[in-house]
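Peer 1: pasting the structure only:
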């Protein structure tokens, strides 16, 4: 069965610093991987997705993630954090679109 | 494109009553819709998967008689919380998929509070 593990329930960075949110997956077959962002009392917004094309995936708002099969990882990064990046981030894995599993989430805090 | 709406966005109801939440795909036809529940500061828990014209598939531990799902058309799925209790208070989020696109499109969520 596929699953994702997000290391660190809470990450705090200073404005302008590198953002690194970790996600490791477990899947017996090549996965589809996603990063979503959620602002308070709102639904999920897709940041980026990996669907077996390029291993380095660029998303919205300056985020990107690299699929590393050898490490079973799909970490999310952004070179320079902005105050508006403060939110909850979810990594998700799907084998086919009918079974998406979410990580526990990582709350990102950005300090001025 | 690929917009999913939910109605209502917030609802407060009394214990013992039933509440219906609608999920609509506004600009595409959704072959499958999903219902998630999210507790405060927690991740999303898949409750059920619904396909148009057929019975929903519920995840283990989700009471199908309590959480009634109807998917009458390719653009509308409804979740009815029957005989609601305070422990049903939660944030309910729906999503829809689109044939040929490996992505789920999420609605904005519905905050249910049962008093």
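Peer 2: That came in fine, so what should we check first? Keep in mind the model is a prediction, meaning the values are calculated, not measured.

Peer 1: Name the strands paired with the lowest-mean-pLDDT helix or strand in chain B and say parallel or antiparallel.
Peer 2: In chain B, no helix or strand scores lower on mean pLDDT, DSSP states H and E than strand B:101-106, which sits at a mean of 82. Within its sheet, and counting by DSSP bridges, strand B:101-106 is paired with strand B:90-98 (antiparallel).

Peer 1: List of residues touching the strand it pairs with?
Peer 2: With contacts defined as Cβ atoms under 8 Å, 6 or more residues apart in numbering or on different chains, strand B:90-98 is touched by A:41, A:43-44, A:97-98, B:2, B:4, B:6, B:21, B:23, B:25, B:28-40, B:44, B:77, B:79, B:103-107, B:109-112. (Glycine included, C-beta is placed from N, CA and C.)

Peer 1: So which residues of the chain form strands?
Peer 2: Chain wasn't specified; assuming chain A. A:3-7, A:10-14, A:19-26, A:32-38, A:44-50, A:56-58, A:64-68, A:73-78, A:87-94, A:100-102, A:106-111 (DSSP state E).

Peer 1: other chain: chain B
Peer 2: Going by DSSP E, chain B shows strands at B:4-7, B:10-13, B:19-25, B:32-38, B:44-51, B:57-58, B:67-73, B:76-81, B:90-98, B:101-106, B:110-114.

Peer 1: What is the fourth one packed up against?
Peer 2: The helices and strands touching strand B:32-38, judged by 3 or more Cβ pairs under 8 Å, 6 or more residues apart in numbering or on different chains; DSSP states H and E, are strand B:19-25, strand B:44-51, strand B:67-73, strand B:76-81, strand B:90-98.

Peer 1: Show the contacting residues for the residue nearest the centre of chain B.
Peer 2: Note on chain B: the residue nearest the mean C-alpha position is residue B:35, at 3.7 Å, using Cα atoms, centre = their mean. By Cβ under 8 Å, 6+ apart, residue B:35 lies in contact with B:23, B:46-50, B:67, B:69, B:77, B:79, B:92-94.

Peer 1: Write out the residues of chain A neighbouring chain B.
Peer 2: Within chain A, the residues that sit near chain B (Cβ under 8 Å from any Cβ of the partner chain) are A:32, A:34, A:36, A:41-46, A:49, A:51, A:90, A:94, A:97-98, A:100-105, A:107.

Peer 1: If we use 6 Å, what do you get?
Peer 2: Counting by Cβ under 6 Å from any Cβ of the partner chain, the residues of chain A close to chain B are A:32, A:42, A:43, A:44, A:51, A:97, A:100, A:102, A:104, A:105.

Peer 1: I'd like those residues laid out as CSV, including pLDDT.
Peer 2: Below are those laid out as CSV (pLDDT from 0 to 100):
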residue, pLDDT
A:32, 89
A:42, 85
A:43, 86
A:44, 90
A:51, 84
A:97, 55
A:100, 83
A:102, 91
A:104, 93
A:105, 94
